[in-house]
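Participant: everything below, folded, please.
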Amino acid sequence: MKKLTVLLWNFEENGRNNPDKRRRAHEKLLSHNPHLILRQEMAGANADGNAIMYELEAILGLRGWLGHGSCTAVFADPRVFQTVRELPAAALWTLPPTALIMRYLPAGHDAMPLAVASYHLNYASPTQRNLETEWLSTLADKKWTTPDGRTVRMPCLIAGDNNSYPAPGVDGDPALPVLDEIRDRPHRLHRSLVGPDGSRVMDTRPDETLRTAGLEDVARHRAIKRGDKTAVARTVNACATHGPDARVDRFYATAGVLEAVTDMDVIEVPEHISDHHIVRLALSGDHLADVLNEQQSPLAALQRGGRRTSGAA
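Facilitator: Coordinates of the predicted model:
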């Protein structure tokens, strides 16, 4: 497979119980020919025997997995991805993630699977967000036994609404809000924490926690390594109460998956549809297959070493 498309979207309250809005929103997702979709705010998708979830599967033509509490979901093309294990989330979550171990079928049956998750960090508490992020870091530490009996660490790709900010310093990234300029006083608390000197600073801790664990912010990586400013475009618009444009919706990946990335952008969505934009990630399917086969055996790694796609990462 030459190109693999992954979409991230927090679709506001799953359309607020408006079937026509929900259908049109998911037809918009389908128009981008996704192989994998990581969704947040799945409100109501578990009602009446998961009826809405099955409705969305039919619209998208993809298989879906709905996380606990109907907060998040993963949709995947069954010709491309096959789930081999569902991962339970710790009880600490406010909005539980959907976390899966998935096989990338074009890589072959004996290839390494990868950990995939759609998540939504807590809205109101930076303390809770940090706990949730520390749990997410464990997805970069999942092990798999190879056909020759070795235990190796699986690659990982996760994405979601972080309700917090990326660390500053990347050219083109939206600037951090100025705390005192956020009109809504509770929101100042929700998006900040007490820094080392005792003053409040904007919350970038989830981003720093994930990157410490080896889960790189894919957009940041693209902007720094490729000078790609489109990767760090806003994912939510400025508003009077919450402050300026921000990039709260982000993809994170471990090194192997990161090497397969070929493009990234943000598809803007009108505010009457959702308060978040769609983030689109493109990967070289052939390169990803190579990554997932590298640890199959030492011989396979040597044989595949010359096949890497130079345009990736």
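Participant: how far away is A140 from C156?
Facilitator: 5 Å (Cβ to Cβ, to the nearest Å). Bear in mind the C-beta positions are built from the backbone N, C-alpha and C, glycine included.
Participant: shared neighbours, these two?
Facilitator: Common neighbours of A140 and C156 (criterion: Cβ atoms under 8 Å, 6 or more residues apart in numbering): A115, L215, T254.
Participant: distance to H68, neighbour count and pLDDT added to those residues, as JSON lines?
Facilitator: Rendered in JSON lines, the data for the shared contacts of A140 and C156 read as follows (distance: Cβ to Cβ, whole Å; neighbours: other Cβ atoms under 10 Å; pLDDT from 0 to 100):
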{"residue": "A115", "distance to H68": "17", "neighbour count": "24", "pLDDT": "98"}
{"residue": "L215", "distance to H68": "22", "neighbour count": "25", "pLDDT": "98"}
{"residue": "T254", "distance to H68": "24", "neighbour count": "23", "pLDDT": "98"}
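Participant: before we move on, back to that, with neighbour numbers in mind, choose between A140 and C156.
Facilitator: Between A140 and C156, C156 has the larger neighbour count (other Cβ atoms under 10 Å), namely 27 against 20.
Participant: what is the mean pLDDT for stretch 91-111?
Facilitator: Taken as a whole, stretch 91-111 carries a mean pLDDT of 96.
Participant: same check on stretch 158-168?
Facilitator: Here the average pLDDT along stretch 158-168 is 98.
Participant: need the contact partners of the helix or strand hosting A159.
Facilitator: A159 belongs to strand 156-161 when elements are defined using DSSP states H and E. For strand 156-161, the external contacting residues (Cβ under 8 Å, 6+ apart) are 6, 8, 10, 38, 40-41, 72, 97, 114-121, 136, 139-140, 142, 215, 248-254, 257, 276, 279, 281.
Participant: partner strands of it and their direction?
Facilitator: Strand 156-161 pairs in its sheet with strand 114-120 (parallel), strand 249-253 (antiparallel), by DSSP bridges.
Participant: give me the distance from the last one to the chain's centre.
Facilitator: Once both centres are worked out by Cα atoms, centre = their mean, to the nearest Å, strand 249-253 turns out to sit 4 Å from its chain's centre.
Participant: what lies in contact with that strand?
Facilitator: Taking Cβ under 8 Å, 6+ apart as the rule, strand 249-253 contacts 6, 8-10, 155-162, 166, 207, 210-211, 215-219, 235-236, 261, 264, 276-277, 279, 281.
Participant: equivalent analysis for stretch 45-63, please.
Facilitator: 14, 19, 22-23, 26-27, 29-30, 34, 37, 42, 44, 64, 66, 69-70, 73, 75-78.
Participant: quick check: buried residues in that stretch?
Facilitator: Neighbour-count burial for stretch 45-63, counted by 16 or more other Cβ atoms under 10 Å, picks out A45, N46, I52, M53, L56, E57, I59, L60, L62.
Participant: next one: whatever helix or strand the third one lives in to chain centre, how far?
Facilitator: I52 is located in helix 47-60, with elements delineated by DSSP H and E. Centre-to-centre, helix 47-60 and its host chain are 22 Å apart (Cα atoms, centre = their mean).
Participant: what's the average pLDDT for it?
Facilitator: 97.
Participant: Throw the shared contacts of A140 and C156 into a markdown table and include distance to R191, thanks.
Facilitator: Converted to a markdown table, these look like this (distance: Cβ to Cβ, whole Å):
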| residue | distance to R191 |
| --- | --- |
| A115 | 28 |
| L215 | 21 |
| T254 | 27 |
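Participant: can you tell me which helix or strand of the protein has the lowest average pLDDT?
Facilitator: For the chain, the helix or strand with the lowest mean confidence is helix 298-304, at a mean of 51 (criterion: mean pLDDT, DSSP states H and E).
Participant: rewinding a little: following the strand holding A159, which helix or strand shows up next?
Facilitator: On the C-terminal side of strand 156-161, the closest following helix or strand by DSSP H and E is helix 185-190.
Participant: list the contacts for T127?
Facilitator: L193.
Participant: now the helices for the stretch 201-313 of the chain?
Facilitator: 205-212, 218-226, 255-259, 285-294, 298-304 (DSSP state H, counting those that start in this stretch).
Participant: nearest to P186, out of those helices?
Facilitator: Nearest to P186, of all the helices of the stretch 201-313 of the chain, is helix 205-212, at 19.0 Å by Cβ to Cβ.
Participant: now the closest one, how far from the centre of its chain.
Facilitator: So, by Cα atoms, centre = their mean, the centroid of helix 205-212 is 14 Å from its chain's centroid.
Participant: so, low pLDDT: which residues of this structure?
Facilitator: 295-313 (pLDDT under 70).
Participant: quick check: beta-bridge partners of the spatially most central residue of it?
Facilitator: By Cα atoms, centre = their mean, the mean C-alpha position of the chain lies nearest to A159, the distance being 1.0 Å. Beta-bridge partners recorded for A159 (DSSP bridges): S118, F251.
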